[in-house]
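Student: Coordinates for the following, if possible.
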Amino acid sequence: MEAFKSILHEAQRIVVLTGAGMSTESGIPDFRSAGGIWTEDASRMEAMSLDYFLSHPRLFWPKFKELFQMKMSGSFEPNEGHLLLAELEKQGKQVDIFTQNIDGLHKKAGSRHVYELHGSIQTAACPACGARYDLPHLLEREVPECTAAGNNGDICGTVLKTDVVLFGDAVMHFDTLYEKLDQADLLLVIGTSLEVAPARFVPEDASLIPGMKKVIINIEPTYCDSLFDMVIHQKIGAFARSLGIKK
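Tutor: Numbering: from 1, shown residues only. Alright, predicted model coming up:
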C-alpha cells in the first residue's frame, strides 16, 4: 500500500488504461469473461459488426438496444475506482485515461482527459451528412434516424450509426495513447485482462521507455504481470476504498 502511494506521489504524468473490471463494480456486466454477453451467445458478435450494420441498418438497432439496454439506461454511477482517477487529476497531475469501456463513467466521475478506445454508447452520427445526436434522441425511436434538414429543406432520414466501435471498425485514439505514453512517468493499468489487441501490447511497449513505472490492478493474473513493477490482484473499488477514496 505505502509503495503504491509513493509511486502515485512521485508521478506527475500518468497514462491509465482501463477495461471492463473498472465498470463491473458499478453494476455493468463484463462482455468477455466466462458467462459474459459474448460467451453466452456468440451470434451477438456478428450482429454487432460493421458489415451487419451496413447491410441491415434497420435490423441492427433493435439488436443493439436489446444487447446494450442496461448501459443505455444511464442509471449507473462511477465507483471509487473512477473517483480515484478524478482525484489524482484534482491534485494537479496530468491523467490521461484510455478506456476500453463505452459507458462514459470516467467522464461522469469528473476526469477531463478521457479517450474512449471503443467509442461511446452515449452518441451517434449520421453516415450521410455527419449530424451528431445524443442519447435521448437515440432512445426516442426503435430505429434512430437523422432529423437534420438538407439544403433543399428535406429531412435527411438516414439511419444513424452508433459511436460504439463495432467489430470491423478501427479502434480509436491509439496514436494519442502512444504520444501520451512517451511523455508519461507512470502507466497504470486497471481492470483488464489484456487479452484483446491492440491494448494487450501496451505494457510491453511501455517497458521500452526508460524510467517508466508500471502498475497493474486487476482481480486476476494476466499473461504480462511480469512486465509490471507492481501487481495488485484486487477489485479496483475495494482497493481505492483502502486508500481512503469514498463515493
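Student: Just give me the residue closest to the centre of the chain.
Tutor: Most central in the chain under CA atoms, centre = their mean is N101, positioned 2.3 Å from the mean C-alpha point.
Student: quick one: contacts for that residue?
Tutor: Residues in contact with N101 (CB atoms under 8 Å, 6 or more residues apart in numbering) are 18-20, 22-23, 28, 116, 118. Every residue, glycine included, has its C-beta placed from N, CA and C.
Student: Quick check, pLDDT for it.
Tutor: Note for N101: predicted pLDDT of 93.
Student: swap in V202?
Tutor: 94.
Student: go on, V196?
Tutor: On the pLDDT scale, V196 is placed at 82.
Student: F60 now?
Tutor: pLDDT recorded at F60 is 95.
Student: cool, M72 as well?
Tutor: With respect to pLDDT, M72 has a value of 64.
Student: three-state assignment of A128?
Tutor: Here A128 is recorded as coil under DSSP: H, G, I helix; E, B strand; the rest coil.
Student: sorry, back to before: state the distance from the residue nearest to the centre of the chain to M22.
Tutor: Separation of N101 from M22 (CB to CB, to the nearest Å): 6 Å.
Student: Check L50 too.
Tutor: 26 Å.
Student: same check, this time on L194
Tutor: 13 Å.
Student: which one of the two has more residues nearby?
Tutor: Higher neighbour count among L194 and M22: M22, with 31 against 21, using other CB atoms under 10 Å.
Student: Which helix or which strand is home to that one?
Tutor: Element membership of M22 [criterion: DSSP states H and E] is helix 20-23.
Student: what's in contact with that helix?
Tutor: Contact with helix 20-23 is made by 28, 30-33, 76, 79, 81-82, 99-101, 103, 105, 190-193, 218-219, 235-236, as judged by CB under 8 Å, 6+ apart.
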